[in-house]
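**Student:** structure, please.
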Amino acid sequence: MIKKIKKDIMNRFKNDQKRLDHILGVNELMLELSSIYGVSLEKASIAALFHDYTKNDSLEDQKKYLSNYLIKRYKDTPQAYHGFSAAKILEDFYHYDDSEVLTAIKYHVTGRKNMSKLGKILFVSDYSEKNRTHKEAAFVRDLAYQDLDAAYKQAVIGKINHVNQKGQVLDKNQVESLMSVNSNIDLLSVVQGELEDVKVKDLKIFDFEKTNPFYDYFIIATINDRQGQAAVSRLKKAIKNEIRHVEGKTGWILIDANSIIIHLFKEEERTFYGFDQKFLGVKRIK
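**Tutor:** This is a model prediction of the structure:
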């Protein structure tokens, strides 16, 4: 099976050396990490070699292998399509039915809650194999040899930051991945990223984690009308399951996100209510 898949991959990407190098780099790192963490080397290699099988296909071609549900479910994050289409081809045309491998391939883009050890290794390897040139790659790769869960956490956060920087929509699996590796601080990173993306001004984050029984973080930022609407819209998508209440439309918007309370003020209202002065002695994260 592995020989056949590798031969097909070499032929399929013969005109895209960069993508081929990435796939082979993922395979190399996956085998190393799987040896350390007691994961089947055969499963690791199949997942690594096949994870980007449809990466160069058009979205329309990828959607041919997806159910209507999946097409609609990921319409705002179509970069996830290639994981699902690759898994479908592996299952239907290579008659491979190992659910752990298929699931790892499906979610290697977004991650998900309760990832298997194989899934974490694929996610980390895809993010940090030796051909990756982004600044976090080497750090995560080195960390993975020592602590897979810590490396997975850093890779999840790195991918979330990348999505935020590109102004793309966060998939709920990505948010749930953050929640699963470290609920409060990672929820905070999502909220901060969304607010920074709509360019709020004078963002302040106060840390009440050890002093308040009702919430952990208190956020204040200055907005105009458009920024306020955009922030609410983006947060409702990014942390849908965390938002309990939204109040106000202009001047002062309050968002109750469970462990995080967010106050978005117009400049005049922020000065009038004086929260900045009230919290002068509170520890700040930002």
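
**Student:** what's the weakest-modelled helix or strand in this protein?
**Tutor:** helix 172-181 (a mean of 65; mean pLDDT, DSSP states H and E).

**Student:** what about Asn258, distance to Gly248?
**Tutor:** 18 Å (CB to CB, to the nearest Å). All C-beta spots, glycine's among them, are computed from the backbone N, C-alpha and C.

**Student:** please name every helix or strand in contact with the lengthiest helix in the chain.
**Tutor:** Criterion DSSP state H: the longest helix present in the chain is helix 17-37. Counting by 3 or more CB pairs under 8 Å, 6 or more residues apart in numbering; DSSP states H and E, the packing neighbours recorded for helix 17-37 are helix 2-12, helix 41-50, helix 117-128, helix 137-144.

**Student:** quick check: angle from that helix to helix 117-128?
**Tutor:** Relative orientation of helix 17-37 and helix 117-128, computed by axes from the mean of the first three to the mean of the last three CA atoms, to 10 degrees: 140 degrees.

**Student:** any residues touching helix 17-37, and which ones?
**Tutor:** Contacts with helix 17-37, where a contact means CB atoms under 8 Å, 6 or more residues apart in numbering, come from 9-10, 13-14, 39-41, 43-45, 47-49, 51-52, 55-56, 117-118, 121-122, 124-126, 128-132, 141, 144-145, 148.

**Student:** now the angle from it to helix 137-144?
**Tutor:** Between helix 17-37 and helix 137-144, the angle comes out at 20 degrees (the same axes, to 10 degrees).

**Student:** avg pLDDT for helix 17-37?
**Tutor:** The predicted model assigns helix 17-37 a mean pLDDT of 98.

**Student:** and it, how far from the chain's centre?
**Tutor:** Here the centre of helix 17-37 is set off from its chain's centre by 20 Å, with CA atoms, centre = their mean, to the nearest Å.

**Student:** what does stretch 160-175 give?
**Tutor:** 6 Å.

**Student:** now the helices for the stretch 151-286 of the chain?
**Tutor:** With helices called from DSSP state H, counting those that start in this stretch, the stretch 151-286 of the chain shows them at 172-181, 183-197, 225-238, 267-273, 275-278.

**Student:** circling back to that earlier point, out of the helices and strands packed on helix 17-37, deepest packed?
**Tutor:** helix 117-128 (a mean of 26; mean count of other CB atoms under 10 Å).
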